[in-house]
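# Sequence first, then the predicted structure, then my questions.
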Amino acid sequence: MSNYSEDASMVRVDFFKPSGKWCCTEAVKWTGAYRDECIYESFSRSLRDHLCGRLSGMDAVCLEPYHEFSHPLKINNGGWLK
C-alpha cells in the first residue's frame, strides 16, 4: 500500500464542485477504522474530523484509502456530514 506522506494514515482527497470542476486537494488523516468498519463510514469519519464543516457542498474523491479493503471512493455533495 502506498500512502500520501511519510505517515501511512494520511490520504490524498480531491474535492470537486457539483459541476465537476476540480476545487482543491487536501492531505487528510484517516481517523476511521482500518478494519472492522465499513470503508465508507471510515472515510466519512475522517472527512468530518478533518474538515470541520468546510467544503460541505463538494464531492470528495480518495483514490487510495487507508483501509484493509482499499479501493477508490467518492462521496457526493458533502454526504460525509449525514
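That came in fine, so what should we check first?

# C-alpha only now, for contacts and for neighbours.
Will do.

# average model confidence for stretch 34-48?
On average, the pLDDT along stretch 34-48 is 95.

# Compute the number of surrounding residues for the closest residue to Ser42 other than its chain neighbours.
Using CA to CA, 6 or more residues apart in numbering and skipping residues adjacent in sequence, the residue nearest Ser42 is Gly32, 3.8 Å away. The tally of other residues near Gly32 (other CA atoms under 10 Å) stands at 21.

# next one: Glu37
Going by other CA under 10 Å, the residues that sit close to Glu37 add up to 12.

# next one: Ile39
There are 21 residues near Ile39, going by other CA under 10 Å.

# can you check Leu55 too?
If you count neighbours by other CA under 10 Å, Leu55 ends up with 17.

# how much space between Gly20 and Gly57?
Here Gly20 is placed at a distance of 12 Å from Gly57 (CA to CA, to the nearest Å).

# Neighbour count: these two, which is higher?
Remark: of Gly20 and Gly57, Gly57 carries more neighbours, 16 against 10, as counted by other CA under 10 Å.

# Contacts only, for the more buried one.
With contact taken as CA atoms under 8 Å, 6 or more residues apart in numbering, Gly57 is in contact with 17-18, 77-78.

# Tell me if it really is in a strand.
No: secondary structure of Gly57, determined by DSSP: H, G, I helix; E, B strand; the rest coil: coil, with no strand assignment.

# that older thread, the residue nearest to Ser42 in helix, strand or coil?
Recorded secondary structure, Gly32: coil (three-state DSSP).

# hang on, isn't it packed against Asp49?
No: using CA atoms under 8 Å, Gly32 and Asp49 do not qualify as a contacting pair, with a distance of 9.3 Å.

# what's the burial count for the residue lying closest to Asn76 once chain neighbours are set aside?
The spatially closest residue to Asn76, leaving aside those adjacent along the chain, is Asp59, at 4.3 Å (CA to CA, 6+ apart). Residues lying near Asp59 (other CA under 10 Å) number 24.
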